[in-house]
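A.B. asks: predicted model and sequence follow; I will ask about them next.
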Amino acid sequence: MVLNSTVSNFILGGYLQVGNLRYLYFMLTAFLYIVMVVLNTSLIVVICMNRSLHEPMYMFLCSLFVNELYGSSGFFPFLLTQILSDIHTVSASLCYLQIFCLYSYSNVEFATFAVMSYDRYLAICCPLQYHIRMTCNKAVIFIVALWLFSFMIFFITLSLNIRLSLCGNIMNSLYCQNYLVVKLACSDTKVNNIYGIFATALFFLVTLFPILFSYIKILKICFSGSRQTRQKAFGTCTPHLVSILNFTFGCCCQIVQSRFDMTSVPRVLQIILALYFLILQPLLNPVMYGLQMSNIRKIYTHLLC
């Protein structure tokens, strides 16, 4: 892969000049990052160290928490250095690396949601066949496949974009974004656009279909089943649905910001919306699943005591 030699660095124009307040923002951001790392890492350790949690559902949760660490580590150390810097620049190679980390993180997140939806469908709609149709070995295959698929589909996109000739290096953003790099291109982007549409359609078909299919089936069971079935479905699906909706909202905010004119929106609100899916998701998931899943909650409480 050959990097574009016409641009050696990018300028990020999304930061505010905050003077000495930068140290306060640095400490707040560092605290958030430490909390994310501690919460996600502790739950990964709890799941890995307790054999009673070596079940497909918890293996998918472990994959989700690993992805939260991956996405956070691809962004927060970079953000911390930018907060303390007066000149908000990033080298081209680091910029492309960050783009790959953040977009593959998003892909893995949605793909994990899709697999978790199918797992919940089997547990609620086919409880007698669950341990036959969803074994630990199959769960491992699902996890490896979703990570490889998510990485591969965006790696090709980024490989095409890196070869573009750029006529500028200024991004009005807090971090590097794939679409903003393409907007700076002065060469033909037809191939990039065609593959981008194809990859997006393929990815959403692969991830959205299992989610919709699973929850349509679960809703049918809830409406026709017993009260106990409805309570079980509500208890196991609520954190999953909240997580999907929260992450989808955050990604939509980021997409709208990068593609439309946001000059009429206050800069502080722009910054909050740009950071929403990178901050709230890694904080929300471990807290929500840790509190909701009784097995995790009991073991975690036992370890703390």
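C.D. replies: Everything's here; your move.
A.B. asks: who's in contact with stretch 208-223?
C.D. replies: Surrounding stretch 208-223, the residues in contact under the criterion C-beta atoms under 8 Å, 6 or more residues apart in numbering are 113-115, 117-118, 120-121, 124-125, 229-230, 233-234, 237, 241, 244. C-betas here are computed from N, CA, C, even on glycine.
A.B. asks: where do the helices of the stretch 1-150 of the chain begin and end?
C.D. replies: Residue ranges of the helices in the stretch 1-150 of the chain, as given by DSSP state H, counting those that start in this stretch, are 21-49, 56-73, 76-84, 92-125, 130-133, 136-162.
A.B. asks: tabulate the ones you listed (TSV), appending mean pLDDT, distance to residue 193 and mean neighbour count.
C.D. replies: Converted to TSV, the helices of the stretch 1-150 of the chain look like this (pLDDT from 0 to 100; distance: least, C-beta to C-beta, whole Å; neighbours: other C-beta atoms under 10 Å):
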stretch	mean pLDDT	distance to residue 193	mean neighbour count
helix 21-49	90	35	16
helix 56-73	93	26	22
helix 76-84	90	28	17
helix 92-125	91	16	21
helix 130-133	88	40	14
helix 136-162	92	10	16
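A.B. asks: could I get those helices as TSV with distance to residue 174?
C.D. replies: Putting these into TSV (distance: least, C-beta to C-beta, whole Å) gives the following:
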stretch	distance to residue 174
helix 21-49	11
helix 56-73	15
helix 76-84	7
helix 92-125	11
helix 130-133	43
helix 136-162	19
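A.B. asks: closest one to residue 260 among these?
C.D. replies: Taking C-beta to C-beta, helix 92-125 is the member of the helices of the stretch 1-150 of the chain nearest to residue 260, at 19.0 Å.
A.B. asks: how far off centre is the closest one?
C.D. replies: From the chain centre to the centre of helix 92-125 is a distance of 6 Å (C-alpha atoms, centre = their mean, to the nearest Å).
A.B. asks: follow-up on the earlier one: going by distance to residue 134, which of the contacts of stretch 208-223 wins?
C.D. replies: Distance from residue 134 was checked for each of those by C-beta to C-beta. The minimum falls on residue 118, at 8.2 Å.
A.B. asks: how about the nearest residue to the closest one once chain neighbours are set aside, secondary structure?
C.D. replies: If the residues on either side of it in the chain are set aside, residue 118 comes closest to residue 210, at 4.9 Å by C-beta to C-beta, 6 or more residues apart in numbering. For residue 210, the secondary structure call by DSSP: H, G, I helix; E, B strand; the rest coil comes out as helix.
A.B. asks: tally of neighbours for residue 210?
C.D. replies: Other residues near residue 210 come to 19 when the count uses other C-beta atoms under 10 Å.
A.B. asks: ditto for residue 209
C.D. replies: As a burial measure, the neighbour count of residue 209 was computed by other C-beta under 10 Å and equals 12.
A.B. asks: beta partners of residue 11?
C.D. replies: The bridge-partner assignment for residue 11, based on DSSP bridges, gives residue 89, residue 170.
A.B. asks: what is the burial count for it?
C.D. replies: Taking other C-beta under 10 Å as the criterion, the count of residues near residue 11 is 13.
A.B. asks: now swap in residue 91 and tell me
C.D. replies: Number of residues near residue 91 (other C-beta under 10 Å) recorded here: 13.
A.B. asks: how much space between it and residue 105?
C.D. replies: From residue 91 across to residue 105, the span is 20 Å (C-beta to C-beta, to the nearest Å).
A.B. asks: hmm, back to that, closest to residue 289 out of the helices of the stretch 1-150 of the chain?
C.D. replies: Between residue 289 and these, the tightest spacing by C-beta to C-beta is seen for helix 56-73, at 5.8 Å.
A.B. asks: which strands or helices does the closest one pack on?
C.D. replies: Contact analysis of helix 56-73 by 3 or more C-beta pairs under 8 Å, 6 or more residues apart in numbering; DSSP states H and E lists helix 21-49, helix 92-125, helix 136-162, helix 267-292, helix 294-304 as its packing neighbours.
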